[in-house]
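J.: Starting from these lines, generate the structure:
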Amino acid sequence: MSLTAPLALIGRITLGLLAAVGRVSIFTGRAASHILRPPFYPREILSAFIGIGWLSLPVVGLTAVFTGAALALQIYSGGARFNAEAVVPQIVAIGMVRELGPVLVGLMIAARVTSSIAAEIATMKVTEQIDALTTLSTNPMKYLVAPRLLAALVTVPLLVGVGDIIGIFGGYTVATSSLGFNPGSYLTNTVNFLEPLDVISSLAKGCAFGGISALMGCYYGMASGRGAQGVGTATKGSVEAAAVLILAANFLLTGAFFSV
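T.: All right, here's what the predicted structure looks like:
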C-alpha cells in the first residue's frame, strides 16, 4: 500500500466535510431569506406551529418533571456527604435553567420533530410531490422549509421556558414531599438564586436548538435519495446531525454566556 494512502484518505474526508458544511450553510442562508420574503402560507405556518410547539408539550413536560425530580434526589444525596443538603433548590434551579432544560428539550425536539420533518419531506420527494410544487410555480423552500423553520425558532424557546418551570417544579415536589424542605423557603431560594442572564441564555439556546432541529430535518429531507431506503437514511441522518449539532452549539453558547 502506498505511503500516501492515509494522507489521501484524510484529504478526502476533509474535503467531504467541508463540502457538507458548505451545502448546509447555503441551505441555511436560503431558508432564512425565505422567512422574511412573501408570499407567505398561513395554513402551513399554523400547522407547523401546532406540530412543533403544541404537540411537543407532553413529551417535554414529562421529560422535564422527571429530570428535575431526579436532579433533586441526586443533589441531596451528593450534598449529604459534605453537609450541604441545603443547596438543593439553588442547584436544581441553575442546573435546569442553564443546561438540562434547554439541552433535553432540544434533544427531544430532535428526536420527535426533526425525524418527522425529514421523513415527511423525503416521502414527498420520493412521491414527486416536491416536483409537483415546482411545476405549479410554488417554491418548495418557501412552502415546506420556511414555515417549519419559523415555527421552530419561535416555539422551541417557549418549550424550553415551560420545561425549565416544570423541571424546577419536579425538584420542588420531591424536595418538599420526601426530603423535608419547607415549600416557601424552597421557592424563595430558587427565585433569589436565578439571575436574568440564566433565563436569557436558556431561551437563546432554545432558539438555536430549534433552528438546528428544523434545518436538519428539512435539509436531509430535501437531499434524500429515492425509495424507502432513502427516506430511512434521511430520517436517521437528520436526527444524528441535529443531536450532535445541538450538543456542540450548547458548548459554544455556554462559553459565550458564562466564560470567565
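
J.: Please tell me how far the closest residue to Pro89 other than its chain neighbours sits from Asn182.
T.: Closest residue to Pro89 apart from its sequence neighbours, by Cβ to Cβ, 6 or more residues apart in numbering: Asn189 at 4.0 Å. C-beta: built from backbone N, CA, C; applies to glycine. Distance, Asn189 to Asn182, using Cβ to Cβ, to the nearest Å: 10 Å.

J.: quick one, which of those two is more surrounded?
T.: Asn189 (19 against 11; other Cβ atoms under 10 Å).

J.: how about the more buried one, phi and psi?
T.: phi -60, psi -40 (degrees, to the nearest 10).

J.: Tell me the pLDDT of it.
T.: For Asn189, the model assigns a pLDDT of 87.

J.: wait, doesn't the residue nearest to Pro89 sit right on Ile91?
T.: No - using Cβ atoms under 8 Å, Asn189 makes no contact with Ile91, being 10.2 Å away.

J.: Tell me where the chain has helices.
T.: Ranges of helices in the chain, per DSSP state H, are 5-36, 42-52, 57-79, 88-94, 101-109, 115-126, 129-135, 140, 146-177, 183-193, 196-222, 227-258.

J.: Kindly compare burial across those helices and name the winner.
T.: helix 101-109 (a mean of 25; mean count of other Cβ atoms under 10 Å).

J.: Quick check: neighbours shared by Asn189 and Asn182?
T.: Taking Cβ atoms under 8 Å, 6 or more residues apart in numbering as the contact criterion, no residue touches both Asn189 and Asn182.

J.: In the stretch 151-260 of the chain, where is pLDDT below threshold?
T.: Flagging of the stretch 151-260 of the chain using pLDDT under 70 yields the residue ranges 260.

J.: residues touching the closest residue to Tyr172 other than its chain neighbours, list them.
T.: Leaving aside its sequence neighbours, Tyr172 sits nearest to Tyr186 (Cβ to Cβ, 6+ apart; 5.7 Å). By Cβ under 8 Å, 6+ apart, the residues touching Tyr186 are 88-89, 172, 175-176.

J.: Return the closest of the residues you listed with respect to Ala204.
T.: Pro89 (24.0 Å; Cβ to Cβ).

J.: pLDDT score assigned to that closest one?
T.: Pro89 carries a pLDDT value of 89.

J.: And for Ser116?
T.: The confidence metric pLDDT takes the value 93 at Ser116.

J.: didn't it look like it was pressed against Gly51?
T.: Yes - assessed by Cβ under 8 Å, Ser116 is found in contact with Gly51 at 7.3 Å.

J.: Perfect, that will be all.
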